[in-house]
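Novice: fold the following for me, if possible:
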Amino acid sequence: MKALTVLVLLAGVVLGTIALRYSSPNADAAPSIPRALPATVPAGFVVHAFEVDGICCESCPESLVEALHGVEGVKAIAVDPDTHRVEIEVPAGVEPATLASALTFGDYVARPLTRP
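Specialist: Numbers count the residues shown, from 1 in each chain. Model (predicted):
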């Protein structure tokens with residue numbers, strides 16, 4: 001019985017070590033949403049910037065990103081909850097009004113900005 005207990009404990013230690021070594025510490029964490037897009041924009045793409053009223057907390061960016069996933073062509077999104085600014089990289093033909101419409105829902109209201 002004593003040998004079986006030692007064997008079970010040893011198996012637990014080995015399996016625990018394997019699990020810790022091969023698991024990512026952020027495996028369940030959502031990908032981070034950047035606060036700004038890079039200044040360099042790929043050829044054929046543009047960045048549209050919006051001020052979005054209604055951003056009130058650190059979880060708001062996730063809601064806005066989810067709303068933009070319904071817009072065809074969206075390549076990259078950045079949301080800065082401190083400045084209420086959203087930047088979206090899209091192909092040159094995507095209308096800003098389409099993006100503003102996607103960002104305007106619930107308590108959110110989007111207004112186009114000029115990107116510096």
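Novice: contacts only, for the residue nearest the centre of the chain.
Specialist: Of all residues in the chain, the one closest to the mean position by CA atoms, centre = their mean is residue 33, 3.5 Å from it. By CB atoms under 8 Å, 6 or more residues apart in numbering, the contact set of residue 33 is 61-62, 65, 77-79. No exception for glycine: its C-beta is placed from N, CA and C like everyone else's.
Novice: can you put those in TSV and add pLDDT, distance to residue 106 and secondary structure?
Specialist: Shown next, in TSV, are those (pLDDT from 0 to 100; distance: CB to CB, whole Å; DSSP: H, G, I helix; E, B strand; the rest coil):
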residue	pLDDT	distance to residue 106	secondary structure
61	96	14	helix
62	95	13	helix
65	96	14	helix
77	97	18	strand
78	97	20	strand
79	97	15	strand
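Novice: looking at those residues, state which has the most neighbours.
Specialist: residue 79 (25 neighbours; other CB atoms under 10 Å).
Novice: excluding its backbone neighbours, what's nearest that one?
Specialist: Closest residue in space to residue 79, ignoring its immediate chain neighbours: residue 61 at 3.6 Å, by CB to CB, 6 or more residues apart in numbering.
Novice: one more: residue 70?
Specialist: Nearest to residue 70 is residue 102, by CB to CB, 6+ apart, at 6.2 Å.
Novice: give me the neighbour count for the one you found.
Specialist: The number of residues near residue 102, taken as other CB under 10 Å, comes to 19.
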